[in-house]
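Novice: Sequence first, predicted coordinates after that:
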Amino acid sequence: MLGFFLRRAGLVLPTFLGITLLVFSLIHLIPGNAVEALSGERGMDPTRYARLMHEFGLDQPLYLQYLQYLWKVLQGDLGRSITTHEPVLGEFLSLFPATLELSSCAMFLALVLGLPAGILAALKRNTLLDYSVMGVSLTGYSMPIFWWALLLILLFSVTLGWTPVSGRIDILFDLPPVTGLMLIDSLLSDEPGAFKSALSHLILPTIALGTIPLAVIARMTRSAMLEVLREDYVRTARAKGLSRMRVIGIHALRNALIPVITVIGLQVGTLLAGAILTETIFSWPGVGKWLVEAIHRRDYPVVQGGILLTASIVILVNLSVDILYGMINPRIRRSS
Amino acid sequence: MKRQTIQVLITSLLAILGTAADEAMAAKTLVFCSEGSPEGFNPQFFSTGTTNDASSVPIYNRLVEFASGTTNVVPALAESWRESADGLSYTFKLRKGVKFHSNAKFIPTRDFNADDVLFSYYRMADPGHPFHRVTPGQTFAYFEDMGMDKIVAKLEKVDDYTVRFQLKHPEAPFVANLGMDFASILSAEYAEKMKAAGTPEVIDREPIGTGAFQFASYQKDAIIRYKAFDAYWNGRPKIDNLVYAITPDASVRYAKLKTGECHVMAFPKPADIVLMQTDPSITLLSQEGLNVGYIAFNVEKKPFDDKRVRQALNMAVDKQNILKTVYQGAGQAALNPIPPTLWSYNKKIKDYPYDVARAKELMAKAGYKDGIEVDLWYLPVTRPYNPDGKRMAELIQADWAKIGVKARLVTFEWGEYRKRSKGGEQPSMMFGWSGDNGDPDNFFIPLLGCEAVKGGGNVSRWCNKAFEELVQKAKIATKQAERAKYYEKAQEIVKEEAPWIPIAHSVRFTPVRKEVIGFKMDPTAHHYFSKVDLSK
């Protein structure tokens, strides 16, 4: 098991280096001048230009520049935002909890609804239930997030008045950030109604962001289940006289989950990409919205740092999924 | 544990399904749905409207300001000012008893005085000033763009409540410049205190000003909170809390306005305007923008070198039809090169009437009895002053055809369009302008001045001696009344000479909820809340 873990972790390193290389090249690939891009200043005098060039290390050979960049990254120095002049890492850390909260809830929703839906569809194959689950999930999968989000707002907020339109909590509550996760912070605060308000603000963005992963998970679970149900050992188990519940719950599901877990891991990337749109529409102050604004403002240090950090998170999650995978499936950890 | 969590979830879900009515508050809180996060809270650094709305407008004051809803300069932190006869020195008498805000790090021990003015000015002007570069990488771009260092020789403190600007040359718009956002007054005492604490950059992040609202807290991309400043020199605001809910999507802003999650929203989508007009919970305010859309005749080319042709083409255009079709009601017929919200706008001028018969007559007199073919360039893009260049061109084409003028419609990619027009290739073309300060100079000189023929901004390439003399005189004269006279006269010349067909000033909209009292739109597109109230 340890060997498996080390082998998998070893694969992460080159991927991470690849990302740093890509992000590092960004500043040299964008049109215009690197000093101007990094400082955000235009038309500076030659002495200041030379000083900044030296400060950013841009007067050195490219490989040295890369090594210096890498060294800084490893020390947690991702530079400062051109617009706010705050350290990029600090801004990311202060905004990430909001994205984490939203993505976790969306993933939770996708799992809680997607897995049972997929299993049911597989068991009731070729029935009306199966067709409806597949039809609805295909619709959900094809729905552009921004449009879906606006439809949700129009129906639930504007027409029915059940949920608030956007934001994380009612503006009446001015809660001090403790964990950065609004659900937890609102429980920690003694303000009556704060948790309720935070939860009601979370509903629509969760649905909007969770729809695509939900659809993918439901469809994947269904096909994996169908495949497993055809296996000999399932027939054997049934023939042994095990109850239907036991066969499905223990023998079939456990094996069907293996490909599903891979898909769940991959959905983390989808979630973070979808968060960009969801956060913008629901005015959700997270990392996605931060990145979009940075791109609009040509805030290159933020774009660089944001991409690096987001990519690192996706890598780490996929590493964890791989390890989980190995734990569930002995074949994987022994064969590779 | 598990059961508990589930219980909490279920009870809260149930609670939400019931109406989430909030307890009535004693304090009045106004929520403004703004369009984006500010770049920072020191208006000296930035020039975008979003940042000004969040910094200079609620938190700070300037020596002079613009009267609410207009671009007229009125006293603010300066009670009065006097210019010397030669126009080279301006002496400002400062207001006494003006208090600065306080926060956790700073409690002011003195009122606003001349030291604060000098600090705020020299921080921008003097590269050696200890606060010139405390926030790394920030520059005083607007100060430099306005050429303040080329205008002002020095600023001196006469006494605690008097300051004097010495100018390098007379500059009529100088006082108006001091009313712009970048000229906001910061506290010198706060700066000293933060410098002593070793954190001078805090003054740019946790702002202290003299304005109607005190900065309370800011969460990036989410919310800015302000509290009414009880000791505000111009009267405490009627609302107690001001909250900016940062909402970048215009459709979401509108949804929040409808559900009452905000009271005022910035920048509605044009497509939503019609719905807003019929919405019973919303008052749709509108104001003519500081802009003008027009057709320019290149007076260097035939047949537009003939004044009678230009006048005839003016008479042949049915402006009301254009306003209805192209602007869909969100515009006002233009009479002069400047919009009516600007001072010195000449109301007495009569527009050329829409009169096909007279236009034909004039064309005949000019020797074009049998008609003529001309090129009309139209805008390839949507601009604030013109929502649909092609549609407008087609309408004008049809109008001109009635007097025998056959217009060939031509356009280029936007960059090319501007480049070619700078070179003077256009016979007649559609163009426009959005002003960025409240001075008429900002329209006349760059659009119709003789220098601008060379520079390329004057696309009709019309250089009229009498007009030029007037606008140059107006630039140097220091009394607004005197300047206005020159400009009024200049507008008469423009009307008579007809280098343009001024088409329209487009209208901006701000939807507010019915319970909002006293909100006024501002020509420079700022949102002011110091005089606004909420009815219950």
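Specialist: Yes, it's here.
Novice: Could you look up the SS state of the closest residue to chain B within chain A?
Specialist: Using Cβ to the nearest Cβ, the single residue of chain A nearest to chain B is A:Pro285, 3.7 Å away. Quick note: C-beta positions are derived from backbone N, CA and C, even for glycine. Under DSSP: H, G, I helix; E, B strand; the rest coil, A:Pro285 falls in the coil class.
Novice: wait, what's in contact with it?
Specialist: Neighbour list for A:Pro285: A:Leu95, A:Ala98, A:Arg168, A:Glu279, B:Gln219, B:Lys220, B:Asp221, B:Ala222, B:Ile246 [criterion: Cβ atoms under 8 Å, 6 or more residues apart in numbering or on different chains].
Novice: out of these, which are inside helices?
Specialist: Assigned to helices by DSSP state H, the following of the contacts of A:Pro285 qualify: A:Leu95, A:Ala98, A:Glu279.
Novice: for the residues you listed, which one is nearest A:Ile82?
Specialist: Comparing those against A:Ile82 with Cβ to Cβ places A:Leu95 closest, at 16.9 Å.
Novice: related to what we said a few turns ago, output the contacts of A:Pro285 in JSON lines, with distance to B:Gln44 appended to each entry.
Specialist: Below are the contacts of A:Pro285 laid out as JSON lines (distance: Cβ to Cβ, whole Å):
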{"residue": "A:Leu95", "distance to B:Gln44": "27"}
{"residue": "A:Ala98", "distance to B:Gln44": "31"}
{"residue": "A:Arg168", "distance to B:Gln44": "31"}
{"residue": "A:Glu279", "distance to B:Gln44": "31"}
{"residue": "B:Gln219", "distance to B:Gln44": "23"}
{"residue": "B:Lys220", "distance to B:Gln44": "20"}
{"residue": "B:Asp221", "distance to B:Gln44": "23"}
{"residue": "B:Ala222", "distance to B:Gln44": "25"}
{"residue": "B:Ile246", "distance to B:Gln44": "22"}
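Novice: In CSV, list those residues along with neighbour count, distance to A:Leu188 and pLDDT.
Specialist: As requested, the contacts of A:Pro285 are arranged in CSV below (neighbours: other Cβ atoms under 10 Å in any protein chain shown; distance: Cβ to Cβ, whole Å; pLDDT from 0 to 100):
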residue, neighbour count, distance to A:Leu188, pLDDT
A:Leu95, 25, 20, 90
A:Ala98, 26, 16, 92
A:Arg168, 27, 15, 88
A:Glu279, 27, 23, 91
B:Gln219, 17, 17, 85
B:Lys220, 18, 22, 81
B:Asp221, 24, 23, 81
B:Ala222, 23, 19, 86
B:Ile246, 26, 24, 90
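Novice: give me the low-pLDDT residue ranges for the stretch 51-200 of chain B?
Specialist: By pLDDT under 70, the low-scoring segments of the stretch 51-200 of chain B are B:137.
Novice: picking up where we left off before, can you lay out the ones in helices among the contacts of A:Pro285 as JSON lines showing distance to chain B?
Specialist: As requested, the ones in helices among the contacts of A:Pro285 are arranged in JSON lines below (distance: Cβ to the nearest Cβ, whole Å):
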{"residue": "A:Leu95", "distance to chain B": "7"}
{"residue": "A:Ala98", "distance to chain B": "8"}
{"residue": "A:Glu279", "distance to chain B": "8"}
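Novice: what sits against B:Asp533?
Specialist: The contact partners of B:Asp533, taken as Cβ under 8 Å, 6+ apart, are B:Lys28, B:Lys238, B:Ile239, B:Val516, B:Ile517, B:Gly518.
Novice: Can you tell me who the fourth one pairs with across the strands?
Specialist: In this entry, B:Val516 is beta-bridged to B:Leu534, by DSSP bridges.
Novice: Which of the contacts of B:Asp533 sits closest to A:Leu199?
Specialist: When the contacts of B:Asp533 are compared against A:Leu199 (criterion: Cβ to Cβ), the nearest one is B:Lys28, at 27.1 Å.
Novice: Hmm, the closest one is touching B:Asn241, no?
Specialist: Yes. The criterion here is Cβ atoms under 8 Å, and B:Lys28 meets it with B:Asn241 at 7.2 Å.
Novice: More neighbours: which of the two?
Specialist: For B:Lys28 and B:Asn241, the more surrounded residue by other Cβ atoms under 10 Å in any protein chain shown is B:Asn241, and the numbers stand at 20 against 17.
Novice: Give me the distance between the more buried one and B:Val512.
Specialist: Here the criterion is Cβ to Cβ, to the nearest Å. By it, B:Asn241 lies 17 Å from B:Val512.
Novice: what does the stretch 151-300 of chain B put close to chain A?
Specialist: Contact residues (Cβ under 8 Å from any Cβ of the partner chain) of the stretch 151-300 of chain B with chain A: B:201, B:217, B:219-223, B:225, B:243, B:245-249, B:251-252, B:255-256, B:258-259, B:261.
Novice: Please check the residues you listed and keep the buried ones.
Specialist: Those of those that meet the buried threshold are B:201, B:219-223, B:225, B:243, B:245-249, B:251-252, B:255-256, B:258-259, B:261, by 16 or more other Cβ atoms under 10 Å in any protein chain shown.
Novice: quick one: low-confidence parts of the chain?
Specialist: Picking chain A for this. Those would be A:31-32, A:40-44, A:332-336, if you go by pLDDT under 70 across chain A.
Novice: you looked at the wrong chain, it should be chain B
Specialist: Scanning chain B with the threshold set as pLDDT under 70 gives B:1-26, B:137, B:415, B:436.
Novice: Need the CA coordinates for stretch B:111-118. CSV is fine.
Specialist: Provided in CSV are the C-alpha atoms of stretch B:111-118 (Å, rounded to 0.1, in the frame of the first residue of the first chain):
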residue,chain,number,x,y,z
ASP,B,111,-10.7,69.5,12.6
PHE,B,112,-9.9,69.7,8.9
ASN,B,113,-7.4,72.4,8.0
ALA,B,114,-4.9,73.6,5.4
ASP,B,115,-2.4,70.9,6.3
ASP,B,116,-4.8,68.3,5.0
VAL,B,117,-5.1,70.1,1.6
LEU,B,118,-1.3,70.4,1.3
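Novice: Please compute how far that stretch lies from its chain's middle.
Specialist: Here the centre of stretch B:111-118 is set off from its chain's centre by 28 Å, with Cα atoms, centre = their mean, to the nearest Å.
Novice: cool, and stretch B:248-261?
Specialist: Distance of stretch B:248-261 from the chain centroid (Cα atoms, centre = their mean) equals 24 Å.
Novice: ok, now stretch B:164-184?
Specialist: For stretch B:164-184, the separation from the chain centroid amounts to 18 Å (computed by Cα atoms, centre = their mean).
Novice: Going along the chain, name the helices of the stretch 201-336 of chain A.
Specialist: Along the stretch 201-336 of chain A, counting by DSSP state H, counting those that start in this stretch, helices occupy A:232-240, A:244-246, A:253-281, A:287-296, A:300-328, A:330-335.
Novice: Buried residues of the first one, list them for me.
Specialist: The one in question is helix A:232-240. With the criterion 16+ other Cβ under 10 Å, helix A:232-240 contains buried residues A:Val234, A:Ala237, A:Arg238.
Novice: Done for today, thanks.
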